[in-house]
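A.B. asks: sequence and predicted structure, then a few things I'm wondering about:
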Amino acid sequence: MDFSSSSDSSDEELLEILENIEVVRNFRVRNDPFVEYSEGEFRDRLRFTKNTVNYLVQLITDNIRPTTHRNRSLSVAEQLLLTLRCYATGSFQILIGDDVNVHKSTVCRVLRRVTFALARLTPQFIKLPDTDEEIRQRNLMKEELLNIDAEVNDIFAEENGGGNAVRRAVINLF
């Protein structure tokens, strides 16, 4: 008995069928907060205005630009919005992923990438004192602010009846 001829023809038919099958790929639909939300709603959800977010996108684009467009990778703006949403709400990564329609492992990677990109910008926007003189000046400014606070508390105590009120005010303020 020769089984090879029937086996070969069925294999060829099977291969032909498999080659003609279209693979349906499902891509998750992502919402665009720039379009979806008004300026007020945008600020409520992300703690930044649309203009500020656009400015930040320009600053970090070179550091986090996706290297591929396969599988609809997240754009720089989408990555930044995801990160700002996490910062604003303090939510779990799985919940942020549900909001943005990405997996929680993607949220983790994006948070890390964007946070490091934003941290690289700190020298441009945060100035710490370098010299001993600058440190002394800052400490002097803090002392002056504390003196103003003490004067306000004294006035409060005089109006509200004594040292007990001062202690309560200090406890409430700090």
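C.D. replies: Thanks, I have it.

A.B. asks: how far away is the spatially most central residue of the chain from V102?
C.D. replies: Computing the C-alpha centroid of the chain and ranking residues by Cα atoms, centre = their mean puts T83 first, at 1.5 Å. Between T83 and V102 the distance, using Cβ to Cβ, to the nearest Å, works out to 12 Å. Where you see a C-beta, it was placed from the backbone N, CA and C, and this is true even at glycine.

A.B. asks: who does the host helix or strand of the residue nearest to the centre of the chain touch, helix- and strand-wise?
C.D. replies: In the assignment (DSSP states H and E), T83 maps to helix 76-89. Under the contact criterion of 3 or more Cβ pairs under 8 Å, 6 or more residues apart in numbering; DSSP states H and E, the helices and strands touching helix 76-89 comprise helix 39-46, helix 50-64, helix 93-100, helix 104-119.

A.B. asks: which residues sit against the first one?
C.D. replies: What it means is helix 39-46. The contact list for helix 39-46 (Cβ atoms under 8 Å, 6 or more residues apart in numbering) reads P33, F34, Y37, F48, T49, K50, V53, L81, L84, R85, A88.

A.B. asks: could you chop the chain up by domain?
C.D. replies: Each structural domain of the chain that the record assigns through automatic domain parsing is listed here as a residue range: 33-124, 127-173.

A.B. asks: tell me which of the ones you listed sits nearest to E12.
C.D. replies: Evaluated over these, closeness to E12 peaks at domain 33-124, with 32.0 Å, by Cβ to Cβ.

A.B. asks: starting at the chain centroid, how far to that closest one?
C.D. replies: Here domain 33-124 shows a centroid-to-chain-centroid distance of 5 Å under the convention Cα atoms, centre = their mean, to the nearest Å.
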